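S.K.: Provided below for reference: sequence and predicted model.
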4 protein chains.
Amino acid sequence: MTPGAHSFAWEDPTATLAAGGRLSGLEIWRGIAAGELPRPPIGALMDFTLPEVQEGRIVFAADTAPWMLNPIGSVHGGAIATMLDSAVGCAVHTTLPAGVGYTTLELKLNFIRGVRVDDGQLLAEGKVIHRGGTTAIAEGRLTAASDGRLLAHATTTCLILTPR
Amino acid sequence: MTPGAHSFAWEDPTATLAAGGRLSGLEIWRGIAAGELPRPPIGALMDFTLPEVQEGRIVFAADTAPWMLNPIGSVHGGAIATMLDSAVGCAVHTTLPAGVGYTTLELKLNFIRGVRVDDGQLLAEGKVIHRGGTTAIAEGRLTAASDGRLLAHATTTCLILTPR
Amino acid sequence: MTPGAHSFAWEDPTATLAAGGRLSGLEIWRGIAAGELPRPPIGALMDFTLPEVQEGRIVFAADTAPWMLNPIGSVHGGAIATMLDSAVGCAVHTTLPAGVGYTTLELKLNFIRGVRVDDGQLLAEGKVIHRGGTTAIAEGRLTAASDGRLLAHATTTCLILTPR
Amino acid sequence: MTPGAHSFAWEDPTATLAAGGRLSGLEIWRGIAAGELPRPPIGALMDFTLPEVQEGRIVFAADTAPWMLNPIGSVHGGAIATMLDSAVGCAVHTTLPAGVGYTTLELKLNFIRGVRVDDGQLLAEGKVIHRGGTTAIAEGRLTAASDGRLLAHATTTCLILTPR
């Protein structure tokens, strides 16, 4: 354990927000994955990439970093929650047409194994379990890219926001 | 929405880790609150302060910041999860004697109201519901310091790690 | 452990259902508590009584019974879930005006202590944490009436169903 | 909606309890499925059968019944919770050797679609997500046997109880 510092910078996310009116959720996340639309600031903090974006399924990838650590040397639950909250919410988003939004009502996380800084790249896969007209349910799995070990699991309930 | 950047630096947290063998959880968190022990790196990211530390109850305070925002202008669930995960876990920690640790098995979050950047200071209060010999349960409430509005709620299950 | 049998009978609950159009949730649950409206069939199974019904808070009481037991002699999680699901959902219901319904989106239960058949009367208190226009959050506490020990804890998210 | 009554009887479950010392969880649940070991009383209430029992996966089947209904004509969350709590806990149990027990720390349920009495047979599938030395995580899916529609989803955290 040593002292350290971390800096990150983000682009103006207005273009991503504005795209919500004319692009579907799948198109928006494919645009962010391709670098055509700016990712949100927290994506810059985590330095997320998006190796897979399909309808109803999305994978966020990020490397562990010293700023994520607890004094005991494992990754803070908040960093894990940030990855899984993004994965499950955006999995729901990929099923929504242009102009339809969502909000996350609740998120439940199981921390299965301590995540170490030398676990390297983490993959957070979000997958829709159910997409109805009013609500959607999704699950998330956080694994170590190196060996596929399951590190954490999540479920979420989202409310679909359809303009009248 | 504009582009932006954020930088933060943390002290070597070894002293806080080493204190775990001779100080109780309550003493450790009072030490961090008083600036006598270094906070963990994620505490520097969030720029947490600790206005209240008691046995079984702790309050983390942090200001909203542009890096926490989603494209739609509300604070990302990951930042809220970071505050509440810290609050509920550390509330449990304040009940543990020196040499006894804990790990968070699961965390459930309800996002009640969208958190805006102009909500200013956020307070995450963690409170123990049950502390047994093997497990502990705690709840958390995230409120806006300005007007006390409830923004999010959490519950957690922790495993108590007693050396044999 | 011995063999056993259990029988229960319920009244036609149509009157309770029909009351939903002209009575508020608080009036309905006060009517059931007073024996003026029939309780639902599952209320007959559990032999619930309702010692307290207020706006935003309700208490269900039921005695442990041999049919609730696991082979290991403790009350099955399903019986505990039945009490707490009723308590948290109905606490939300007591805040709703006539003609407005709700549905439970999710329920999370912590089983804190094993419930024994000789724990006797159990109290399930449901209390609203947040009641908005679209969703509501409530918590529940299951205690032993004899000594107040906390046996289980619950949180729920409900969707408010307002006719257009 | 009509008045009604329900009666059920159970065998002495002592033989199932006693089997815990010499049979694995998989052997116990296969014994119950085959009718060689008595099911617990709550199994008689629900009239469970066990169409599938494997290591790490179990399916409980039960028919909807009038006693399960709410006044609004849908199956009470408590009956759904009873099926899913059984499925996820017993899925974990099927991975445990003789003499090793478990206890359910928490259960989270998502109610996805209202369950109607004419949905007929319900299937609650429990599946282990992670089985470690101290804790296990499982998920459950409640479906309608007739058409496979997903009605509810569950996750659980169990503590493994290994005698020293």
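M.R.: That came in fine, so what should we check first? Residues are numbered from 1 along each chain as shown, chains lettered A, B, ... in the order given.

S.K.: and the helix or strand of chain A with the lowest mean pLDDT, what does it pack onto?
M.R.: Across the helices and strands of chain A, mean pLDDT, DSSP states H and E gives its lowest value to helix A:14-19, namely a mean of 86. With contacts defined as 3 or more C-beta pairs under 8 Å, 6 or more residues apart in numbering or on different chains; DSSP states H and E, the packing partners of helix A:14-19 are helix A:25-33. C-beta: built from backbone N, CA, C; applies to glycine.

S.K.: Give me the below-cutoff pLDDT ranges for chain A.
M.R.: Across chain A, residues meeting the criterion (pLDDT under 70) sit at A:1.

S.K.: Mind doing that once more with 90?
M.R.: For chain A, applying pLDDT under 90 flags the ranges A:1-2, A:12-21, A:40, A:69-73, A:163-164.

S.K.: Do a quick rundown of the helices in it.
M.R.: Here chain A has its helices, by DSSP state H, at A:14-19, A:25-33, A:41-46, A:77-93.

S.K.: got the angle between the second one and helix A:77-93?
M.R.: What it means is helix A:25-33. Angle between the axes of helix A:25-33 and helix A:77-93 is 130 degrees (criterion: axes from the mean of the first three to the mean of the last three C-alpha atoms, to 10 degrees).

S.K.: contacts for helix A:25-33?
M.R.: A:16, A:19-20, A:23, A:37-39, A:43, A:49-50, A:53-55, A:58, A:90, A:92-98, A:100 (C-beta atoms under 8 Å, 6 or more residues apart in numbering or on different chains).

S.K.: If we use 6 Å, what do you get?
M.R.: Residues outside helix A:25-33 that contact it (C-beta atoms under 6 Å, 6 or more residues apart in numbering or on different chains) are A:19, A:37, A:39, A:50, A:53, A:55, A:90, A:93-94, A:96.

S.K.: Tabulate the residues you listed (a markdown table), appending neighbour count.
M.R.: Shown next, in a markdown table, are the contacts of helix A:25-33 (neighbours: other C-beta atoms under 10 Å in any protein chain shown):
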| residue | neighbour count |
| --- | --- |
| A:Ala19 | 19 |
| A:Leu37 | 21 |
| A:Arg39 | 22 |
| A:Leu50 | 20 |
| A:Val53 | 22 |
| A:Glu55 | 14 |
| A:Cys90 | 24 |
| A:His93 | 24 |
| A:Thr94 | 22 |
| A:Leu96 | 22 |
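
S.K.: Those: which two are farthest apart?
M.R.: Farthest pair in the contacts of helix A:25-33 (C-beta to C-beta) is A:Arg39 and A:Glu55. Separation: 19.9 Å.

S.K.: which residue sits closest to A:Pro41, ignoring its sequence neighbours?
M.R.: Spatially, and ignoring its direct neighbours in sequence, A:Pro41 is nearest to A:Trp10 (4.1 Å; C-beta to C-beta, 6 or more residues apart in numbering or on different chains).

S.K.: That neighbour - how many residues pack around it?
M.R.: Other residues near A:Trp10 number 22, with proximity taken as other C-beta atoms under 10 Å in any protein chain shown.

S.K.: Against D:Glu36, how distant is it?
M.R.: Applying C-beta to C-beta, to the nearest Å, the value for A:Trp10 to D:Glu36 is 63 Å.

S.K.: What's the separation between the nearest residue to A:Arg141 once chain neighbours are set aside and B:Ala145?
M.R.: Nearest non-adjacent residue to A:Arg141, counting by C-beta to C-beta, 6+ apart: A:Glu125, 5.0 Å away. A:Glu125 sits 36 Å away from B:Ala145, going by C-beta to C-beta.

S.K.: With A:Gly56 instead?
M.R.: Counting by C-beta to C-beta, the separation of A:Gly56 from B:Ala145 is 39 Å.

S.K.: Which residues of chain A lie near chain C?
M.R.: A:105-106, A:157 (C-beta under 6 Å from any C-beta of the partner chain).

S.K.: want to throw the residues you listed into a markdown table with neighbour count?
M.R.: Shown next, in a markdown table, are the residues of chain A next to chain C (neighbours: other C-beta under 10 Å):
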| residue | neighbour count |
| --- | --- |
| A:Leu105 | 22 |
| A:Glu106 | 27 |
| A:Thr157 | 26 |
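
S.K.: what's the closest of those residues to B:Ser74?
M.R.: A:Leu105 (13.9 Å).
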